[in-house]
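>>> based on what follows, work out the 3D shape:
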Amino acid sequence: MRKTFILVLAALAGCNAAGPEFVPPVSGLPDAAFVASAKTAAPDPEWWAKFRDPLLTALVREVADANLDVQTATLRVAESRFQRGVTASAQMPSLNGDAKVTREQYSKNGILSLMNGLVPGGLDVPPITDHFVGFDAAWEIDIWGRVRRSVEAADAQVQVSEDQRRDALVSVMAETARDYIQLRGVQVQIGVLRDNVKVAEGVLKLADERQAKGMQSALDTENARSQLEAYRAQIPPLEQQESELINALSFLSDQPPGALKARLGVSRKAFALASAPTGIVSDLARRRPDIRAAEAQLHAATAQTGVAEASFYPSITLSGQAGLDSLNTNNLLRASSFQWSVGPSVSVPIFEGGKLKNTLELRETQQQEAALAYRKTVLRAWHDVVNALVALRSEQARYARLTDQVSHARKAASIARDRYRDGVTEFINVLDAERTALSAEQQQAQSATTLGVDQVLLYKALGGGWEGTFPAE
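Numbering: from 1, shown residues only. Below you'll find the predicted structure:
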């Protein structure tokens, strides 16, 4: 009979759980390539290597290991896994040891007073000492799936924390690449200005020589000196930006200010621009960590709805106790001191003041909110990719035009200097040509930086970069 009862309870525990089953949502993203290509493939997970800069690659890997935000997200993954273990423990029976010694004196005016008429002089019971050693066990039979739904929600929360860590990785790797590219862009601009300072110094020397020979007035010389100082004045603000960007990279890699100055402070040639990635828009739902996290959050909210629904039904707990009980320690370990009890208990919610109903409606509302959050995340991802592509293509066209402008402006400046040296043009033409050339070179350097940053933002929008560092299990 007892075996049959236990088998029935086990069968009931395997029934379908209360609440809706989670169905992965349809992302709504089109199965279309976001960049036309003869051979469409997923973006390279190590996209930063496409800039062909070993130092950038090294920095990205260092930041992925050392960044404090990533470390915090890693701890949250561990926390969610431990919490899942706590939740799953409710699926198992609980077993507790128990040992106690109780000294008790019964009241003569209590239940013993009923014996006064039966025993001459009344019943006089001395204090007694009871000794007990044993254990008790309890197991909630999860008939309606309350515990199973709780574990399902906990599993989904683990997935949320893992994808939030991946999202943190994508963000800090993109921020590292962006800051590095901006740093190199600033250093290129500093180099352009220093080259122009040298040119301006040569023009000033030529103006001094022509003034000494009486070939021009002091006005041209002062204009040349003013132009030189104007170039020099533009360098300190850029050096400030350089220092701030180096410190920003130090912060990302959990290092004190200036720690990377020796590695990054030396001006280098401009970085190589990466090729535009290709891929399918609908793949974003599998690759972008924020979309993955939003789906897992929806899964957790759906499971919590099942937990709330299961609370309406009776709960059955199988409990038991076994041990040795004796008033005399000499008899405690004898077989005759053994006692046990076992049996089920049923708890039926009758009146909770609206608690269960409101809890269910709360969970259903939270599920609807999670569904909207998923839709919003998917839509934002789609917009991010499209906007990043538009910005990249626009800047590519601008950069090509600026490159042509720089070539023509440099030729014009060289011609103006030669004509001035030969005395066939006025000095103002030299100044105008030099200013135009410098402006074009600065705009080209800024455009190259913007182009690199736009490429980084596109790769970030595509959600790649975490696969090799924190892959999906």
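>>> L327 and F338, how far apart?
Distance, L327 to F338, by C-beta to C-beta, to the nearest Å: 15 Å. The way it works is simple: take the backbone N, C-alpha and C, and place the C-beta from them, glycine included.
>>> and Q339, which of the three is it?
The three-state label given to Q339 by DSSP: H, G, I helix; E, B strand; the rest coil is strand.
>>> okay, now it: neighbour count?
Using other C-beta atoms under 10 Å, Q339 has 13 other residues around it.
>>> E295 reaches Y374, doesn't it?
Yes: using C-beta atoms under 8 Å, E295 makes contact with Y374 at a distance of 5.9 Å.
>>> higher neighbour count, the two?
The residue with the greater number of neighbours, taking E295 and Y374 and applying other C-beta under 10 Å, is E295; the counts read 25 against 22.
>>> tell me the pLDDT of that one.
The predicted local confidence for E295 comes out at a pLDDT of 95.
>>> give me phi/psi at it?
In terms of degrees, to the nearest 10, the main-chain angles of E295 are phi -70, psi -40.
>>> which phi and psi does Q216 have?
The main-chain torsion angles of Q216 are listed as degrees, to the nearest 10 and equal phi -150, psi 170.
>>> where are the low-confidence patches of the stretch 151-300 of the chain?
Flagging of the stretch 151-300 of the chain using pLDDT under 70 yields the residue ranges 267-282, 284-285.
>>> run a quick neighbour tally on S150.
If we define neighbours as other C-beta under 10 Å, then S150 has 22 of them.
>>> for the helix or strand where it lies, packing partners?
With elements delineated by DSSP states H and E, S150 resides in helix 146-212, which encompasses its position. Applying 3 or more C-beta pairs under 8 Å, 6 or more residues apart in numbering; DSSP states H and E, one finds that helix 146-212 makes contact with helix 54-66, helix 68-88, helix 218-233, helix 235-252, helix 289-310, helix 355-421, helix 427-461.
>>> ok, the residue nearest to the spatial centre of the chain - contacts?
Nearest to the centroid of the C-alpha atoms of the chain, with distances taken as C-alpha atoms, centre = their mean, sits A168, at 2.9 Å. Applying C-beta atoms under 8 Å, 6 or more residues apart in numbering, we find A168 in contact with N67, D69, V70, T72, A73.
>>> need the buried ones from the residues you listed selected in ChimeraX.
Applying 16 or more other C-beta atoms under 10 Å to the contacts of A168, the buried members can be selected in ChimeraX as follows:
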select :67,69,70,73
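>>> could I get the contacts of A168 as TSV with distance to A322?
What follows is those, written out as TSV (distance: C-beta to C-beta, whole Å):
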residue	distance to A322
N67	54
D69	52
V70	51
T72	47
A73	47
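>>> ok, of the contacts of A168, which one's closest to E201?
Lowest distance from E201 to the contacts of A168 (C-beta to C-beta) belongs to N67, with 44.1 Å.
>>> what's that closest one sitting at in phi/psi?
Backbone torsions of N67, given as degrees, to the nearest 10, read phi -60, psi 140.
>>> does it touch D254 like I think?
Yes: taking C-beta under 8 Å as the definition, N67 is a contact partner of D254 at 6.4 Å.
>>> how far away is A218 from V378?
Relative to V378, A218 is positioned 69 Å away (C-beta to C-beta).
>>> more neighbours: which of those two?
For A218 against V378, the residue with the higher neighbour count under other C-beta under 10 Å is V378, and the figures read 22 against 10.
>>> chain neighbours aside, what residue packs nearest to that one?
Beyond its immediate neighbours in the sequence, the residue positioned closest to V378 (C-beta to C-beta, 6 or more residues apart in numbering) is S27, lying 5.1 Å away.
>>> now the one you found, what's its secondary structure?
Applying three-state DSSP: S27 is coil.
>>> that one reaches I291, doesn't it?
Yes: applying C-beta under 8 Å as the test, S27 and I291 come out as touching, 7.2 Å apart.
>>> so who does G343 touch?
Contacts for G343 were tallied using C-beta under 8 Å, 6+ apart; they are L318, S319, G320.
>>> equivalent analysis for T221, please.
The contact partners of T221, by C-beta under 8 Å, 6+ apart, come to L204, A207, D208, Q211.
>>> what's in contact with stretch 422-438?
192-193, 196, 199-200, 203, 207, 215-216, 220, 223-224, 227, 231, 406, 409-410, 412-413, 415-417, 419-420.
>>> taking those, please make a ChimeraX selection of just the buried ones.
To isolate the buried ones among these in ChimeraX, judged by 16+ other C-beta under 10 Å, type:
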select :192,193,196,199,200,203,207,216,220,223,224,227,231,406,409,412,413,416,417,420
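>>> picking up where we left off before, who wins on neighbours among the contacts of T221?
Ranking the contacts of T221 using other C-beta under 10 Å puts A207 first, with 24 neighbours.
>>> give the contact list for it.
Contacts were defined as C-beta under 8 Å, 6+ apart; by that measure A207 touches Q216, D220, T221, N223, A224, F427.
>>> quick check, nearest of those residues to Q444?
Using C-beta to C-beta, the shortest approach to Q444 within those belongs to A224, at 24.6 Å.
>>> isn't that closest one right up against G202?
No: the criterion here is C-beta under 8 Å, and A224 misses it with G202 at 9.7 Å.
>>> got the contact list for Q446?
Applying C-beta under 8 Å, 6+ apart, one finds that Q446 lies in contact with G185, Q189.
>>> quick revisit: most tightly surrounded among the helices and strands packed on helix 146-212?
Per residue and on average, the most neighbours among the helices and strands packed on helix 146-212 fall to helix 289-310, with a mean of 24 (mean count of other C-beta atoms under 10 Å).
>>> summarise which helices and strands it is packed against.
helix 146-212, helix 284-287, helix 355-421.
>>> make CSV out of these and add distance to Q241.
As requested, those are arranged in CSV below (distance: least, C-beta to C-beta, whole Å):
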stretch, distance to Q241
helix 146-212, 5
helix 284-287, 33
helix 355-421, 20
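>>> picking up where we left off before, so what's in contact with E295 and Y374 at the same time?
Between them, E295 and Y374 share the neighbouring residues P25, with contact defined by C-beta under 8 Å, 6+ apart.
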